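Enquirer: Give me coordinates for this.
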Amino acid sequence: MVNEQVYPVEVDTLLLASAACSEVLPGDYVLEIGTGSGFVSASLTRIAKCVVATDISPHAVLAARQIGLMVVRCDLASALRGPFDLVLFNPPYLPTCSEERVDDWLEYALDGGRDGRSTIRRFAEVLPTLIGPDGRALLLVSSITGIKEVREVLTAHGLVTDIAAKEEVEGELLVVLRCQALNRV
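Expert: Below you'll find the predicted structure:
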């Protein structure tokens, strides 16, 4: 059954899942922030040593638990402590002004604030505390949000990025950035 309050599997979900499957190692402890339907995490459960997911939406938490995932309801990773070997995040990245907000749970998966980078900035602040010595993160971003600007946000928090995957969809460029701590590269 499709829950209209849960972000469905879309092109960005598939791109992140593909990049994650290429990145994950058999001994990895994986954290997916904002799991939504749980599709990305579920694609890694047979490879990684442990996969845990978070989501702020009770609807998403329920959907992911129904497919057998270990999910914690919280904002970003506020209820968890690292280190994790691999952190995944398909953040809300659509630029949204206050007049466009509809105040439902699906909005949490879409609303990136005025410039589309509000949640990404908060993620960049906590990411260095979540990844272990050889840890890395995969962050999906869009040309709508400004890929260069997102990379600048990550750099400001001591992270170095490279492109792990990309795909153009209807004039929008989707990119999965691989992030690591600058002193670990």
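
Enquirer: which residue is nearest the middle of this protein?
Expert: Nearest to the mean C-alpha position of the chain, counting by Cα atoms, centre = their mean, stands Phe89 at 0.8 Å.

Enquirer: Now do the same for that one: its pLDDT.
Expert: Looking at Phe89, its pLDDT stands at 94.

Enquirer: Gly116 now?
Expert: Reported pLDDT for Gly116: 67.

Enquirer: Thr119 too?
Expert: 88.

Enquirer: Can you check my assumption that it lies in a helix?
Expert: Yes - using DSSP: H, G, I helix; E, B strand; the rest coil, the assignment for Thr119 is a helix.

Enquirer: Tell me how far it lies from Thr35.
Expert: 14 Å (Cβ to Cβ, to the nearest Å). Placement of C-beta: from N, CA and C, glycine included.

Enquirer: The two: which has the busier surroundings?
Expert: Neighbour totals were compared for Thr119 and Thr35, and Thr35 leads with 30 against 21 (other Cβ atoms under 10 Å).

Enquirer: pretty sure that one contacts Ala60?
Expert: Yes - in this structure, Thr35 is within contact of Ala60 by Cβ atoms under 8 Å, at 6.3 Å.

Enquirer: Mutual contacts of the two, please.
Expert: Val71 (Cβ atoms under 8 Å, 6 or more residues apart in numbering).

Enquirer: The residue nearest to the centre of the chain and Gly34 touch, don't they?
Expert: Yes - Phe89 is in contact with Gly34 according to Cβ under 8 Å; the separation is 6.0 Å.

Enquirer: For this protein, just list every one of the helices.
Expert: For the chain, helices defined by DSSP state H occupy the ranges 11-23, 39-42, 58-66, 105-110, 118-130, 147-156.

Enquirer: How about the backbone phi and psi for Gly34?
Expert: Reported as degrees, to the nearest 10, the phi and psi values for Gly34 are phi 70, psi 60.

Enquirer: show me what contacts it?
Expert: For Gly34, counting by Cβ under 8 Å, 6+ apart, the contacting residues are 54-56, 60, 76, 89-92, 109.

Enquirer: try it again with 10 Å
Expert: With contact set as Cβ atoms under 10 Å, 6 or more residues apart in numbering, Gly34 has these partners: 7, 40, 53-57, 60, 75-77, 88-92, 108-109, 119, 123.

Enquirer: Repeat that for Val87.
Expert: 29-33, 77, 123, 126-127, 130-132, 135-139, 179.

Enquirer: just the buried members of those residues?
Expert: With neighbours counted using 16 or more other Cβ atoms under 10 Å, the contacts of Val87 contain these buried positions: 29-33, 77, 123, 126-127, 130-132, 135-139, 179.

Enquirer: can you tell me which of those are in strands?
Expert: Among these, DSSP state E puts 29-33, 131-132, 135-139, 179 in strands.

Enquirer: Redo these as CSV? Include pLDDT and distance to Arg151.
Expert: CSV is the format used below for these (pLDDT from 0 to 100; distance: Cβ to Cβ, whole Å):
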residue, pLDDT, distance to Arg151
Tyr29, 97, 26
Val30, 98, 23
Leu31, 98, 21
Glu32, 97, 21
Ile33, 95, 19
Ile131, 93, 17
Gly132, 78, 22
Gly135, 93, 18
Arg136, 96, 15
Ala137, 97, 13
Leu138, 98, 14
Leu139, 96, 10
Cys179, 96, 9
